[in-house]
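> Here is my input; please provide its structure:
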Amino acid sequence: MRQYGDLIWKQMKKDHSGEWGMDIQQWDWVPGVGVIALMEYYEAVQDPEILAYLVNWVANNKDKAEGTRAINSIAPYAVFPVLHRLTGDDWYAEEAERVARWLICEAPRTREQAFEH
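Next up is the predicted model:
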């Protein structure tokens with residue numbers, strides 16, 4: 001399993017700029033699913049390079065989240081509780097809480113009260 005995980009991890013790190021389905025350097029659903037998968041992989045193999053990548057990914061892309069207020073853009077925040085636990089950096093917990101408040105109190109909803117998607 002590690003062999004295949006490493007192949008996928010290396011592929012994800014490559015520059016895929018302009019390829020919507022592969023460009024991890026965005027703040028949206030697709031890269032969010034990617035960083036969630038990387039976090040799961042990190043927890044399975046405990047490779048410090050993967051954790052460092054995730055911490056740097058957030059640092060390099062977090063400003064992109066500010067202009068995006070949509071349900072799909074919430075996906076990258078799913079790794080914040082784990083990053084908080086692993087790094088001890090309270091910023092991750094504070095941001096996760098801020099986004100959760102937005103999601104519960106302000107996120108656009110349909111007339112049936114489902115989140116707009």
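> which stretches of this protein form helices?
2-13, 29-45, 48-65, 80-87, 90-105 (DSSP state H).
> Relative to Asp23, which of those is closest?
Closest approach to Asp23 among the helices of the chain is made by helix 29-45 (7.0 Å; C-beta to C-beta). (C-beta placed from N, C-alpha, C; glycine too.)
> I'd like the helices of the chain as a markdown table, with mean pLDDT and mean neighbour count appended.
Below are the helices of the chain laid out as a markdown table (pLDDT from 0 to 100; neighbours: other C-beta atoms under 10 Å):
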| stretch | mean pLDDT | mean neighbour count |
| --- | --- | --- |
| helix 2-13 | 82 | 12 |
| helix 29-45 | 93 | 17 |
| helix 48-65 | 95 | 15 |
| helix 80-87 | 97 | 16 |
| helix 90-105 | 94 | 13 |
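> Can you convert those helices into a markdown table and add a column each for distance to Glu19?
Putting the helices of the chain into a markdown table (distance: least, C-beta to C-beta, whole Å) gives the following:
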| stretch | distance to Glu19 |
| --- | --- |
| helix 2-13 | 12 |
| helix 29-45 | 10 |
| helix 48-65 | 16 |
| helix 80-87 | 26 |
| helix 90-105 | 27 |
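> any idea how far the most centrally placed residue in the chain lies from Arg85?
When C-alpha atoms, centre = their mean is applied to the chain, the residue found nearest the centroid is Pro76 (2.1 Å). Going from Pro76 to Arg85 by C-beta to C-beta, to the nearest Å gives 17 Å.
> try Arg69
27 Å.
> ok, the residue nearest to the centre of the chain - contacts?
Contacts for Pro76 (C-beta atoms under 8 Å, 6 or more residues apart in numbering) come out as Trp27, Asp28, Pro31, Gly32, Val35, Ile36, Val58, Asn61, Ala65.
> out of the residues you listed, what pair is the most spread apart?
Ile36 and Ala65 (15.1 Å).
> Read off the pLDDT value for the closest residue to Met39 other than its chain neighbours.
Distance criterion C-beta to C-beta, 6 or more residues apart in numbering; nearest residue to Met39, sequence neighbours excluded, is Val79 at 4.6 Å. What the model reports for Val79 is a pLDDT of 97.
> Equivalent analysis for Met1, please.
Looking at Met1, its pLDDT stands at 63.
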